[in-house]
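K.L.:
With the sequence up front, the predicted model follows.
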Amino acid sequence: MMRTFWTVLAVSFLLLGAYVTHADHPAAADGNKPTLVINLTNGADDLHAVVMGLHFAEHGLADGREVVIFFNVKAPPLARKGLDDSVRFKEMPPVRDMVAGLVKQGAKMVVCPMCAEITGVKEDELAPGIEMIQDRKQIFDHLHADSVVFTY
């Protein structure tokens, strides 16, 4: 119960901050939309959260936003090529197919190198269109005053 309260509170502050930042930022006036960053921290142990994050990324692309998915903490194994079809949530498509579809639609996907090392993922195992971060600039270049970050 307490975790739900803190989650709702955190999301409320995030949305309020995104609204205020977007309303005050010059880019908002000329029609540009904030970058949507999906901070994917869960792995195969919580596929509900993973699929929610990937679906939210799909909605962001459909809304004409730049979308960046950051695979970190437990998520790097989900960025592997050849991920088994059984890695899916209920009747949803396999995570591998969802990720590939997002790449085709233009989502930028990056993997935390330290998290990849800890979870046993090597750079040559990453699916097409997913990059291991070599330089913090690869993620920081997508974080602007009007970026919106959701963590799943």
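P.N.:
Sure thing, it's come through. This is a predicted model, so every value here is computed, not measured. Numbering: from 1, shown residues only.
K.L.:
Wait, a helix at residue 89?
P.N.:
No. Applying DSSP: H, G, I helix; E, B strand; the rest coil, one finds residue 89 to be coil, outside a helix.
K.L.:
what's the burial count for it?
P.N.:
Close neighbours of residue 89, defined as other CB atoms under 10 Å, add up to 18. The way it works is simple: take the backbone N, C-alpha and C, and place the C-beta from them, glycine included.
K.L.:
Kindly report the same for residue 32.
P.N.:
When neighbours are defined as other CB under 10 Å, residue 32 has 16 of them.
K.L.:
Report the contact partners of it.
P.N.:
residue 146 (CB atoms under 8 Å, 6 or more residues apart in numbering).
K.L.:
Does it belong to a helix, a strand or coil?
P.N.:
Residue 32 - assigned by three-state DSSP - is coil.
K.L.:
Equivalent analysis for residue 57, please.
P.N.:
helix.
K.L.:
How about the contacts made by it?
P.N.:
36, 38, 67, 69, 102, 107 are the contacts of residue 57 under CB under 8 Å, 6+ apart.
K.L.:
all strands for the chain, in order.
P.N.:
Per DSSP state E, the chain carries strands over the ranges 36-40, 67-71, 108-111, 130-132, 148-151.
K.L.:
Would you mind finding the most buried of those?
P.N.:
strand 67-71 (a mean of 25; mean count of other CB atoms under 10 Å).
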